[in-house]
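Participant: Any chance you can model this:
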Amino acid sequence: MSLGWEPHTPTRQYGVLGSKFPGAGATLWTIVNRNEYDVAGRQIEVPYKPGTRYYDFWHGVELKAEVRGANAPLSFDLEAHGP
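Facilitator: Numbering: from 1, shown residues only. Model (predicted):
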């Protein structure tokens, strides 16, 4: 377990829950959709640092950050009752 574990990371959509596990040089977010329907669009907003890359490991794709000042909203799809 990460020393800075954050069990209730804020998310952008109703029924979408997240946890944050910061580590040395990387941070892992786990996100789950508890809704009975699929959810698309912005799911989480993270601090932006130039050169940082973001990945959706579940779908095996790199995410494109929408840089907004010091933050980077990340958009991706989540299946109903899925990760």
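
Participant: Nearest residue to the middle of this protein?
Facilitator: Here the mean C-alpha position of the chain is nearest to the C-alpha of Ile44 (C-alpha atoms, centre = their mean), at a distance of 4.7 Å.

Participant: so what's that one bridging to?
Facilitator: Per DSSP bridges, the residues bridged to Ile44 are Leu74.

Participant: OK, contacts around it?
Facilitator: The contact partners of Ile44, taken as C-beta atoms under 8 Å, 6 or more residues apart in numbering, are Thr9, Pro10, Thr11, Arg12, Gly18, Trp29, Ile31, Pro73, Leu74. The way it works is simple: take the backbone N, C-alpha and C, and place the C-beta from them, glycine included.

Participant: would you list those in a markdown table and tack on pLDDT, secondary structure and neighbour count?
Facilitator: A markdown table is the format used below for those (pLDDT from 0 to 100; DSSP: H, G, I helix; E, B strand; the rest coil; neighbours: other C-beta atoms under 10 Å):
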| residue | pLDDT | secondary structure | neighbour count |
| --- | --- | --- | --- |
| Thr9 | 93 | strand | 18 |
| Pro10 | 94 | coil | 9 |
| Thr11 | 96 | coil | 20 |
| Arg12 | 95 | coil | 15 |
| Gly18 | 95 | strand | 17 |
| Trp29 | 94 | strand | 17 |
| Ile31 | 95 | strand | 22 |
| Pro73 | 95 | strand | 16 |
| Leu74 | 96 | strand | 20 |
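
Participant: export those to a markdown table and tack on distance to Lys64?
Facilitator: What follows is the contacts of Ile44, written out as a markdown table (distance: C-beta to C-beta, whole Å):
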| residue | distance to Lys64 |
| --- | --- |
| Thr9 | 20 |
| Pro10 | 21 |
| Thr11 | 18 |
| Arg12 | 16 |
| Gly18 | 19 |
| Trp29 | 16 |
| Ile31 | 17 |
| Pro73 | 11 |
| Leu74 | 9 |
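
Participant: which of those residues lies closest to Lys49?
Facilitator: Distance from Lys49 was checked for each of the contacts of Ile44 by C-beta to C-beta. The minimum falls on Leu74, at 13.6 Å.
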